[in-house]
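Asks: sequence unavailable; structure follows:
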């Protein structure tokens, strides 16, 4: 490492758009998709879900966004833009020092979404969801959270709009991240480790599997049950759904504008993918360019090898939750009963994947790679040391692949422009960092047998 | 609370300077002070310390800055500015929503210094200190840390420049903030809870007071001893010293430029004060305007009522450390043997205060208020809920007073412009937030008897 590093290239390290450049509309990828994502199915009828099916579950404004495959742009409500102005536009940063340490001819940019209290991009959608709930005059929301980023973001948004919230937090995260729940409580939300005895489905899961450490799928079941069984409550989901990707398109829109201001365009766009909200948001307008023949960036999803929905999953209709009470979605899935090893610390623990991204992957418009968690934390530490930001383990998946692509450029001499999404910070993940630093971390990837067993539980509509 | 809040005032929520507007020079308040701070005294001779006295303790470049009362501006080395560009300019933010919730005619701005991995303003000086140490070819640094912000910042800076570092962390913080040390380790530094048996002074303190939870004063003694007894090591301090305030002047310089760009000037400038680096940096150029008759802003130091150096301390020569091995400084002090109650969670635990700020306070150019920790956490939670940033307890002292001043404006109808320093984020302070949320927090302020006893230990040069 050159210890006295000076940028002689006269390009800014960070680019901030002005407040006026915060987008006024979200972009709906579905409008430009030739093959639209398949509709969700009502589990009772196995027919496509209707507006009426969804209204008891989600706030009305979100139901309309969820079902709309045609409208390319949705206005961002003024009230939402006002809250965005507290932390947006988010910076686009050139990782000069990382480039230097890697000795790569590639240019590495990242869009940093961790510069708000929630610590991640999740706040972008949380604000919209809390807004529509409030606008509808609802009494409150329920939700689930895995690593805690979504629960924090929605707690913050609900606090802002004065809406009660109950968060079901995956038990393993609840235990591994003692202070995450404190943040959520600081914002005034209730928090329940899942599975719990507060719902019928939670009690059933606990009975079948008393020692379970939980999963996003379980927590979703509980949150949905609680919402539909509580007067004037609705359920809120932080990823995977079409409307969540719609809201997160602000990441990609801002990224593209900022890169254009710097006379740049990415050859490769990289994002981590659990349910797909961060990745779907980041690639949104780059996908649009790609499908319209304006540019041809590679779009890469990075997932944990321990929860490899894209790279080892099936493209099939499956339940979004473990308790099988939600609609079915056509998506890449490991089976709704799949639960990643509790040794997996890197987040992105969801069995399925956004139907939009699943369709893009199926159609060859999106690539996917799976990375091992030890390699992920090694990338995380290198990034922290070189770029002064401690990344969330989730985001570090994208860092890993950005580094790998930059190292390929070093081999080939290509001066590619890489853009990755730094979706959040890792302040609440120090237990996992500790395990890595003490060489106690292991790679815990599912065996083929385990996946086959999980696939056997896929709903019969598959056959 | 108006839940649908729209900024109709057409003023940006945040102001970012451009990279080119990052200052190229630090401002040295001493050059404009009519009454200069008194010189440090060598404890062996009780004469003013010389360059030669300090060279075995601090890196050479810093010694020169420490002793210079005359030069108004010091160039910021290009290598330091390059690192600054990773996280600077830091944003100036208008707290619109907080204003709305308070229903105040006052305008509240804050300069946010938590947008880097160290989570606080401390990185501003850490980079300079690591740079000068590296430039001198030193083998490593030692330092102390209280709440952990300084240790994190210096670990990050040393990691960046490839310098070994040992951090003595105040034992109570080491225990209360389990993940702070993980961050410091992630950056590759060694960390020792203080008092420890790794130094003679640590062993002595432990023998005299076996159950002690430590203090910054103890940790300083240990870090200095370790530095001067290790070949080619020097000691690094994160606050209080003249050169630290010099580096932190970047906060005030950027704040003033950003406010000017928005056609604003503060009527009141508020910062929290432990050793004084954040406050000293924030007020720097506003002090210059004040002393030169260009403007007359009120400058307010906010300290914890449990460690009230300004408001209940003595203006006297005292040791900077508990072990009495450092030079003596003329400052407001509670006595070097004073240790705040372990129930005090809000940081700012130092017995003394920057000699520069002490002189300003003594001369009536700086005001000071002491606030109770429960009131501080109440302000912290309100700020988090309204402004999407979870503040460090230290910074929340400034928030408390900013709110109090805004509420006075509500009474009087005055449209004052308030600027406060949000020196850092509270991600590692959730244990303290927990105590507050569970109503387990108490105000633990020293009794008069306790202070009298502590003052009795002041060095006899007083008399």
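Replies: Great, that's in hand. Just so we're clear, the structure is a prediction, and the values are computed from it rather than from any experiment.
Asks: least confident secondary structure element in chain A?
Replies: strand A:14-15 (a mean of 83; mean pLDDT, DSSP states H and E).
Asks: surely residue A:395 and residue A:402 touch.
Replies: No: Residue A:395 is not in contact with residue A:402 according to C-beta atoms under 8 Å; the separation is 10.3 Å. (Each C-beta comes from the backbone N, C-alpha and C, glycine too.)
Asks: of these two, which one has the most company?
Replies: residue A:395 (34 against 29; other C-beta atoms under 10 Å in any protein chain shown).
Asks: so who does that one touch?
Replies: A:114, A:272, A:421-424, A:426 (C-beta atoms under 8 Å, 6 or more residues apart in numbering or on different chains).
Asks: can you redo those residues as a markdown table with secondary structure, neighbour count and pLDDT?
Replies: Putting the contacts of residue A:395 into a markdown table (DSSP: H, G, I helix; E, B strand; the rest coil; neighbours: other C-beta atoms under 10 Å in any protein chain shown; pLDDT from 0 to 100) gives the following:
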| residue | secondary structure | neighbour count | pLDDT |
| --- | --- | --- | --- |
| A:114 | coil | 24 | 92 |
| A:272 | strand | 33 | 98 |
| A:421 | strand | 30 | 98 |
| A:422 | strand | 32 | 98 |
| A:423 | coil | 33 | 97 |
| A:424 | strand | 33 | 95 |
| A:426 | coil | 28 | 92 |
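Asks: which ones are touching residue A:17?
Replies: A:89, A:254, A:257-258, A:261.
Asks: which one of the residues you listed is nearest to chain B?
Replies: Lowest distance from chain B to the contacts of residue A:17 (C-beta to the nearest C-beta) belongs to residue A:89, with 9.0 Å.
Asks: quick one: what helix or strand has the nearest residue to residue A:440 once chain neighbours are set aside in it?
Replies: Nearest residue to residue A:440 in three dimensions, chain neighbours excluded: residue A:434, at 8.0 Å (C-beta to C-beta, 6 or more residues apart in numbering or on different chains). In the assignment (DSSP states H and E), residue A:434 maps to helix A:430-437.
Asks: now that helix: mean pLDDT?
Replies: For helix A:430-437, the mean pLDDT works out to 92.
Asks: just after that helix, pick out the following helix or strand.
Replies: helix A:448-455.
Asks: buried residues, that next one. List them.
Replies: A:451, A:454-455 (16 or more other C-beta atoms under 10 Å in any protein chain shown).
Asks: and what of stretch A:427-446?
Replies: A:427-437, A:441, A:443-446.
Asks: how distant is that stretch from the center of its chain?
Replies: 20 Å (C-alpha atoms, centre = their mean, to the nearest Å).
Asks: could you tell me the end-to-end distance of it?
Replies: Using C-alpha to C-alpha, to the nearest Å, the end-to-end distance of stretch A:427-446 comes out at 28 Å.
Asks: now stretch A:213-229: how far from the chain's centre is it?
Replies: Centre to centre, stretch against its chain (C-alpha atoms, centre = their mean), the figure for stretch A:213-229 is 18 Å.
Asks: likewise stretch A:375-394?
Replies: With C-alpha atoms, centre = their mean, you get 18 Å for stretch A:375-394.
Asks: returning to what we had before: so what sits against both of residue A:395 and residue A:402?
Replies: Contact criterion C-beta under 8 Å, 6+ apart; residues shared by residue A:395 and residue A:402: none found.
Asks: quick revisit: hang on, the residue nearest to residue A:440 packs against residue B:182?
Replies: Yes: between residue A:434 and residue B:182 a contact is recorded at 4.9 Å, counting by C-beta under 8 Å.
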